[in-house]
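Trainee: just to be clear, the model below is a prediction. Sequence and coordinates:
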Amino acid sequence: MNKHLKFGLPLAAAIFLVGCGGSSSSDNNGPDTGGLPTTNQKFFDTAQWIIAPTAGTETCFDFDSNGEVDCAVGIWDMKLSLGAGARDSAKFYTNSGPLATGKGGALGNTFNFSWEQLQSMQDTSTAPDGNPLLGPMFLTDSMDNAFASDNAFGGEAFAYVNQKILSKYSVFLISLDNAAAYDANSADIYAVQFVDYYGGANGSTSGHPKVRYAKLSDLTTVKEVSINASTNWAYFDLTTDQTVSKSGNWQLGFNRYNIITNSGDSGSGSVGSFLAQKASGFYDDQGQLLEDKLTDSSLIAQAKTLLTDRSKWTTPTAATDWQKDTLTSALNPEYKGTVMTGFDYGFYLYTGMNESHPAGKHKFVANPQNGVLLRSGEGNSYARVHLTDITDGQYTFDFEVAPVTTP
């Protein structure tokens with residue numbers, strides 16, 4: 001859910017996060033932050049991935065075995081996905097985040113380290129800038145939807161405060177049909193609010209989001225359900241108040257602090273999401289969260305009334321305002337440049353109208369001086385990688401690998 005973190009978490013901030021208690025354990029009071037232990041593995045293996053992707057397909061590579069693997073069943077480290085549209089460019093992903101099962105990630109400040117700087121690393125104990133290389137420095141893939149924001153712990157739904165995940169009591173609108181315009185009296189649109197992250201038998205186990213919801217056509221009937229998403233994905237059907245299988249009819253999916261909707265990259269459904277209102281009293285005049293207010297019982301009671309009070313809601317003005325899930329990755333940074341000078345997409349460049357570029361105008365070319373440090377899907381090996389060539393739609397990636405075993 002870290003909508004903006006994908007563009008580069010400062011390494012100092014990651015170190016601070018470790019000091020705040022972030023870990024990858026299943027501790028009831030702490031979230032999974034990818035806090036795998038630091039290592040000192042040597043870069044002594046190489047791998048090469050040469051691929052000519054076809055439209056509408058995705059292909060995965062395992063740098064430990066130096067070969068392509070089945071994305072659905074194999075343990076992969078890097079994915080290339082090419083959309084079906086004529087103008088779609090290649091997208092890249094790590095084996096991490098809400099739609100993957102691995103422990104992968106990309107080192108923060110992605111593409112800010114040159115390939116030369118990455119090669120200066122003697123082992124995996126220290127980052128190119130001299131900081132100790134710690135697990136939370138690796139950015140995991142995330143989902144962009146109405147719940148996403150600028151933190152890694154539930155975005156607009158939750159905040160990480162003093163080693164606890166606390167609700168922000170925002171109100172979201174969930175439509176069963178993202179192609180339909182907003183209707184204030186619709187039975188197919190629900191107002192949804194997350195009011196807790198802990199539950200289970202003792203009421204204090206993490207990964208049990210508690211959801212309050214009501215149909216817009218009947219806001220007087222509010223339901224509340226605690227969902228066990230502590231170990232596996234849980235898919236919830238607002239229309240039947242039941243947890244169902246992924247192949248069933250569902251609108252909201254949960255896995256610890258990840259929240260997805262049955263739409264876009266997350267599912268084949270037509271669900272739409274929209275942030276209708278942030279809870280008043282929890283933010284200052286500049287819109288910054290006042291973390292100490294999240295435990296104020298009077299403010300919490302007031303915030304819960306927002307679920308059924310639409311007087312200050314922001315609502316979609318058109319069907320296109322409904323958000324559909326989009327998977328994001330640090331390997332796909334925001335582009336830099338202009339159409340006249342060309343665009344830098346990280347692994348590759350688009351020359352645009354730049355007539356002075358050796359490749360000519362409107363060409364995709366490799367950007368080999370840029371590189372990324374990847375953590376494997378298993379979470380126990382690493383590789384620095386850069387794209388060294390694009391020729392006739394064929395991509396060549398070169399890896400320098402720090403495997404689990406030593407030479």
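Mentor: Sure thing, it's come through.

Trainee: now do the contacts for residue 214.
Mentor: 190, 191, 220, 221, 222, 223, 307, 308 (Cβ atoms under 8 Å, 6 or more residues apart in numbering). Where C-beta positions appear, they are placed from N, C-alpha and C, glycine not excepted.

Trainee: try 7 Å
Mentor: 190, 191, 221, 222, 223, 307, 308 (Cβ atoms under 7 Å, 6 or more residues apart in numbering).

Trainee: the last one contacts residue 222, doesn't it?
Mentor: It stands for residue 308. Yes. The criterion here is Cβ atoms under 7 Å, and residue 308 meets it with residue 222 at 6.5 Å.

Trainee: now, which of the contacts of residue 214 lie within strands?
Mentor: 190, 191, 223 (DSSP state E).

Trainee: and for the residue lying closest to residue 121 once chain neighbours are set aside, the neighbour number?
Mentor: Distance criterion Cβ to Cβ, 6 or more residues apart in numbering; nearest residue to residue 121, sequence neighbours excluded, is residue 128 at 6.0 Å. Using other Cβ atoms under 10 Å, residue 128 has 21 other residues around it.

Trainee: likewise the one 10 residues further on?
Mentor: The number of residues packed around residue 138, counting by other Cβ under 10 Å, is 28.

Trainee: could you do residue 364 as well?
Mentor: Residue 364: 17 neighbours (other Cβ under 10 Å).

Trainee: kindly state the pLDDT recorded for the residue nearest to the spatial centre of the chain?
Mentor: Nearest residue to the geometric centre of the chain (Cα atoms, centre = their mean): residue 142, 0.6 Å. We note a pLDDT of 86 for residue 142 in this prediction.

Trainee: residue 73 falls within a strand, correct?
Mentor: No. According to DSSP: H, G, I helix; E, B strand; the rest coil, residue 73 belongs to no strand; its state is coil.

Trainee: in CSV: the ones in strands among the contacts of residue 214, plus neighbour count.
Mentor: Converted to CSV, the ones in strands among the contacts of residue 214 look like this (neighbours: other Cβ atoms under 10 Å):
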residue, neighbour count
190, 23
191, 23
223, 12
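
Trainee: would you convert these into TSV that also reports distance to residue 317?
Mentor: Formatted as TSV, the ones in strands among the contacts of residue 214 follow (distance: Cβ to Cβ, whole Å):
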residue	distance to residue 317
190	19
191	18
223	28
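
Trainee: of all those, which comes closest to residue 286?
Mentor: residue 191 (26.8 Å; Cβ to Cβ).

Trainee: my guess is the closest one meets residue 307, correct?
Mentor: Yes. Judged on Cβ under 7 Å, residue 191 makes contact with residue 307 at a distance of 5.4 Å.

Trainee: what do those two both touch?
Mentor: 171, 214.

Trainee: what's the closest non-adjacent residue to residue 255?
Mentor: The nearest residue in space to residue 255 (Cβ to Cβ, 6+ apart) is residue 233, at 4.7 Å.

Trainee: next one: residue 332
Mentor: Using Cβ to Cβ, 6+ apart, the closest residue to residue 332 is residue 91 (5.3 Å).

Trainee: distance of that neighbour relative to residue 139?
Mentor: Per Cβ to Cβ, to the nearest Å, residue 91 is found 15 Å from residue 139.

Trainee: how long is stretch 109-129 end to end?
Mentor: 11 Å (Cα to Cα, to the nearest Å).

Trainee: contacts for it next, please.
Mentor: 8, 10-11, 38-43, 107, 132-133, 137, 139, 330-331, 333, 346, 368-373, 382, 384, 386, 402.

Trainee: from the chain's centroid, how far away is it?
Mentor: Averaged C-alpha coordinates place stretch 109-129 at 23 Å from its chain's average position (Cα atoms, centre = their mean, to the nearest Å).

Trainee: go on, stretch 346-360?
Mentor: That offset, for stretch 346-360, works out to 29 Å (Cα atoms, centre = their mean).

Trainee: for the record, mean pLDDT for that stretch?
Mentor: Stretch 346-360 comes out at a mean pLDDT of 87.

Trainee: stretch 165-174 too?
Mentor: 94.

Trainee: list the buried residues for it?
Mentor: 165, 166, 167, 168, 169, 170, 171, 172, 173, 174 (16 or more other Cβ atoms under 10 Å).

Trainee: which of those residues sits closest to residue 66?
Mentor: residue 165 (39.3 Å).

Trainee: what helix or strand is that closest one on?
Mentor: strand 164-167 (DSSP states H and E).

Trainee: packing partners of that strand?
Mentor: Helices and strands touching strand 164-167, as assessed by 3 or more Cβ pairs under 7 Å, 6 or more residues apart in numbering; DSSP states H and E, comprise strand 158-161, strand 189-199.

Trainee: quick one: strands adjacent to that strand?
Mentor: strand 158-161 (antiparallel) (DSSP bridges).

Trainee: mind listing what's buried in the partner strand?
Mentor: 158, 159, 160.

Trainee: same question, stretch 259-277
Mentor: 259-267, 269-277.

Trainee: next: stretch 176-188.
Mentor: Taking 16+ other Cβ under 10 Å as the criterion, stretch 176-188 shows 176, 178, 180, 182, 186 as buried.

Trainee: and what of stretch 354-361?
Mentor: So, applying 16+ other Cβ under 10 Å, buried residues of stretch 354-361: 354, 357.

Trainee: straight-line length of it, end to end?
Mentor: For stretch 354-361, the end-to-end distance is 6 Å (Cα to Cα).

Trainee: can you give me the offset of that stretch from its chain's centre?
Mentor: 35 Å.

Trainee: what does that stretch rub up against?
Mentor: 340, 341, 342, 351, 352, 353, 365.

Trainee: and the residue nearest to the centre of the chain, how far is that from residue 155?
Mentor: Relative to residue 155, and taking Cβ to Cβ, residue 142 is found at 9 Å.
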